[in-house]
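Engineer: I'll drop the sequence and a predicted model, then ask my questions.
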Amino acid sequence: MSNDRPAKLVPVQDPGTPTVSNAVSVSSRTLIRCLQLELRDQYNNASGATVNGKVHVEVINCGHVDEVPVLVGNTTRLQLALVHGRVTVQVGDIHMLTAR
């Protein structure tokens, strides 16, 4: 039995509930140290082993929030490589800085 076409990009492991801190130390404001995502089909089976490309990540305001966190470099956008259906977001990509 073969897997179906990729339908979603999901965390390999549950990252838990992130919390935001306004600590002075940047390392204390890191929400997630390493996040690995993979392509899965509609039945939640890994299905992107032959898929390579780019993943565009963007932090957006989905409601009435006064502050929106930004990524390293004071940006809300990030581009990462998707290799064999997986992408890894490292700590350096997602340190949270002062909100815009």
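Structural biologist: That came through, no problem.

Engineer: show residues contacting the helix or strand harbouring residue 36.
Structural biologist: Assigned by DSSP states H and E, residue 36 belongs to strand 34-40. For strand 34-40, contacts defined as CB atoms under 8 Å, 6 or more residues apart in numbering pick out 6-13, 15, 46-48, 51, 55, 82, 85-91, 94. No exception for glycine: its C-beta is placed from N, CA and C like everyone else's.

Engineer: all the strands of the protein, in order from the start?
Structural biologist: 8-11, 34-40, 53-58, 77-82, 86-90 (DSSP state E).

Engineer: follow-up on the earlier one: ok and the strand holding residue 36 relative to strand 86-90, angle-wise?
Structural biologist: 160 degrees (axes from the mean of the first three to the mean of the last three CA atoms, to 10 degrees).

Engineer: okay, buried residues for strand 34-40 please.
Structural biologist: 35, 37, 38, 39, 40 (16 or more other CB atoms under 10 Å).

Engineer: what pairs with the last one across the strands?
Structural biologist: Bridge pairing for residue 40 (DSSP bridges) gives the partners residue 8, residue 46.

Engineer: out of the contacts of strand 34-40, which are buried?
Structural biologist: Buried among these by 16+ other CB under 10 Å: 6, 46, 47, 48, 82, 85, 86, 87, 89, 94.
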